[in-house]
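**Q** Sequence first, then the predicted structure:
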Amino acid sequence: MKARIILDRDYKVGQIDRRLFGSFIEHLGRAVYGGIFEPGHPTADARGFRRDVLALVRELGVPVVRYPGGNFVCSFDWEDSVGSVESRPRRLDLAWRSVEPNLFGLNEFMAWAKEAGTEAMMALNLGTRGVDAARNLVEYCNHPGGSYWSDLRISHGFREPHGIRLWCLGNEMDGPWQVGQKTADEYGRLANEAAKAMRLFDPSLELVACGSSFAAMPTFPDWEATVLGHCYEQVDYLSLHSYYENRAGDLPEYLADSIGMGEFIDSVASACDFVKSKKRSRKTMMLSFDEWNVWFHTNADDRHADPWRVGPRLLEESYTFEDALVVGCLLLTLLKRADRVKIACLAQLVNVIAPISTVEGGPAWKQTIFYPFLHASRYARGLSLDLRIEAPTYESRRFGTVPYLDAAATVDSAEGEMAVFAVNRSLSEAVEVELRLGGYESWSVNERIVLASADPKAVNTAARPDAVLPRRIADGAGIEGGMLRTRLEPLSWNVIRLSAPQK
Ligand code: AHR
């Protein structure tokens, strides 16, 4: 089949915030214990950080990591996780029905984040706690010294403040599963008061209020309007969470989920703009899609099978090639909404619904979804361009007409680099693409990467970590008269990198 993409220097979505390629580490399952932290592992450093995992996290290039939850944070006492390890209590974590030994806590995470070359997005407990814990935590983390909480940090061996800029005001506070669930009015008031206290400490902090836990929540989007009615002027971002699944085994429907993601973003943006109008505000609320991924192979309720263990096996998805394609489509949607979505976190990073998996005492490896994320985080730079795509379509039960070809493009003019990302959703047919490069006629292709697999159900495992691997294609994308022509294989994720002519 044939398709056309028109790209033009003057059609822009907006500047991409690097934090669009963030991720998430929660005290859940083996994300921390047996994931990023495993004292005694052959690659562990003196602090117990697995160096093999650190190398993969660095390779993935995540600029920000949300921590420590998730549902976990809603009944977490941060004070338990600092000070000498011997003095820290073992606690029951009700969210995941596990034991939290507090061997790895706030300061360890900050040290790990530094090693990983990433920033923290710190989540506060607004489930069982409130303004007091929030103001104390921010003082502990960010004040240079000379006050009770900052001096306590210094006494814990961290003279320099952590300087955490980005904070989540709770997590999924509308969820009936949440410890300390709130109504929209209760949460909106609490978020406003916590934010006010934090801003009295430092007005420049970036604060994220909780949106609905997912689009199908019965309270969506009233929750957004009510919460922001209370805290609009105090916060910078509203959160979105969404996980996608293929329980029905219907791949064309599954590949259309990125359309649903786009509609969800548009609805949340509309709810924010409604409050903006109501308040006659000059401020536009930006969005933080701080939990997104594919999640359905494991059962979330396996936490009931064998509770009260440290680092149990929970939510350990084995991702197929199909899942990687869907992750690719979701990344295209985030890039196409980069004017409004400034932060996004692939949930999660290690072992738990993650692109990186580990064996205790053994290797770490890359799941299939590692690759599209890596390509986007590495090559999507600068401006997101507003493409016009004309492609054959199919009908989806939930989303109507879906194009077989989906694409996004980014350009970093200062560096002279452009990247075109594209997915062919067709199960059987290649797409012959003509891409018009308006304003970039003299640019040339320097690399083409394809992720495809003869077996859509192929997975990477510890024993076969390379079953699904991207490959570089030397030929197949030529430019003539400002038109790039290429062929995209059926069911494939593609990256075409272009460079400006040498000066
Ligand atoms: O990422 C796993 C869980 O999914 C998080 O703890 C929660 O916020 C969401 O429901």
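**A** Done, it's in. These figures come from a predicted structure and were not determined experimentally.
**Q** Which parts of the stretch 251-400 of the chain are helices?
**A** Using DSSP state H, counting those that start in this stretch, the helices assigned to the stretch 251-400 of the chain run over residues 251-255, 257-278, 321-336, 370-379.
**Q** and residue 225, which of these is closest to it?
**A** Closest to residue 225 of those is helix 257-278 (C-beta to C-beta; 5.4 Å). To be clear about C-beta, it is placed using only N, CA and C from the backbone, and glycine gets the same treatment.
**Q** Show me which positions of the closest one end up buried.
**A** By neighbour count on 16 or more other C-beta atoms under 10 Å, the buried set for helix 257-278 is 257-262, 264-265, 267-269, 271-272, 275-276.
**Q** Please apply the same query to stretch 54-70.
**A** Of the residues in stretch 54-70, those buried (16+ other C-beta under 10 Å) are 54, 56-57, 60-70.
**Q** Now stretch 415-426: buried residues?
**A** Residues of stretch 415-426 classed as buried by neighbour count (16+ other C-beta under 10 Å): 417-426.
**Q** how many other residues sit next to the residue in the stretch 251-400 of the chain that the ligand sits nearest to?
**A** Nearest residue of the stretch 251-400 of the chain to the ligand: residue 347, at 4.3 Å (C-beta to the nearest ligand atom). Using other C-beta atoms under 10 Å, residue 347 is surrounded by 26 other residues.
**Q** Tell me which residues touch it, please.
**A** Neighbouring residues of residue 347 by C-beta atoms under 8 Å, 6 or more residues apart in numbering: 23-24, 66, 70, 241, 243, 290-293, 295, 353.
**Q** out of those, which are buried?
**A** Judged by 16+ other C-beta under 10 Å, buried ones among those: 23-24, 66, 70, 241, 290-293, 295, 353.
**Q** is the ligand contacted by stretch 273-288?
**A** No - applying C-beta under 6 Å from any ligand atom, one finds stretch 273-288 out of contact with the ligand, separated by at least 12.9 Å.
**Q** which residues are in contact with that stretch?
**A** So stretch 273-288 is contacted by 168, 208, 224-225, 228-229, 232-233, 235-240, 265, 268-269, 272, 337, 340-345 (C-beta under 8 Å, 6+ apart).
**Q** shaky segments in the stretch 101-250 of the chain?
**A** For the stretch 101-250 of the chain, applying pLDDT under 70 flags no range at all.
**Q** what ranges do the strands span in it?
**A** 119-123, 166-169, 206-209, 237-244 (DSSP state E, counting those that start in this stretch).
**Q** The least confident helix or strand in the chain by mean pLDDT - which strands sit beside it in the sheet, and in what orientation?
**A** When the helices and strands of the chain are scored by mean pLDDT, DSSP states H and E, strand 477-480 comes last with a mean of 82. Strands that pair with strand 477-480, judged by DSSP bridges, come out as strand 483-488 (antiparallel).
**Q** centre of the chain versus the next helix-or-strand element following the partner strand, how much separation?
**A** For strand 483-488, the following helix or strand on the C-terminal side (DSSP states H and E) is strand 492-499. From the chain centre to the centre of strand 492-499 is a distance of 21 Å (C-alpha atoms, centre = their mean, to the nearest Å).
**Q** quick one: strands adjacent to strand 492-499?
**A** Strand 492-499 has these strand partners (DSSP bridges): strand 417-424 (antiparallel), strand 444-452 (antiparallel).
**Q** Residue 184 is nearest to which of the ones you listed?
**A** The closest of the strands paired with strand 492-499 to residue 184 is strand 417-424. By C-beta to C-beta, the value is 36.4 Å.
**Q** can you pull the buried residues of whichever helix or strand comes after the closest one?
**A** Stepping forward along the backbone from strand 417-424, the first helix or strand reached (DSSP H and E) is strand 431-438. Judged by neighbour count (16+ other C-beta under 10 Å), strand 431-438 contains these buried residues: 431, 433, 435-437.
**Q** Around the ligand, pick out the residues from this structure.
**A** 26, 69-71, 171-172, 291, 347-348.
**Q** my read: residue 134 touches residue 198, true?
**A** Yes - assessed by C-beta atoms under 8 Å, residue 134 is found in contact with residue 198 at 6.1 Å.
**Q** coming back round to it: can I get the strands paired with strand 492-499 in a markdown table including mean pLDDT and distance to residue 77?
**A** Below are the strands paired with strand 492-499 laid out as a markdown table (pLDDT from 0 to 100; distance: least, C-beta to C-beta, whole Å):
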| stretch | mean pLDDT | distance to residue 77 |
| --- | --- | --- |
| strand 417-424 | 98 | 42 |
| strand 444-452 | 96 | 43 |
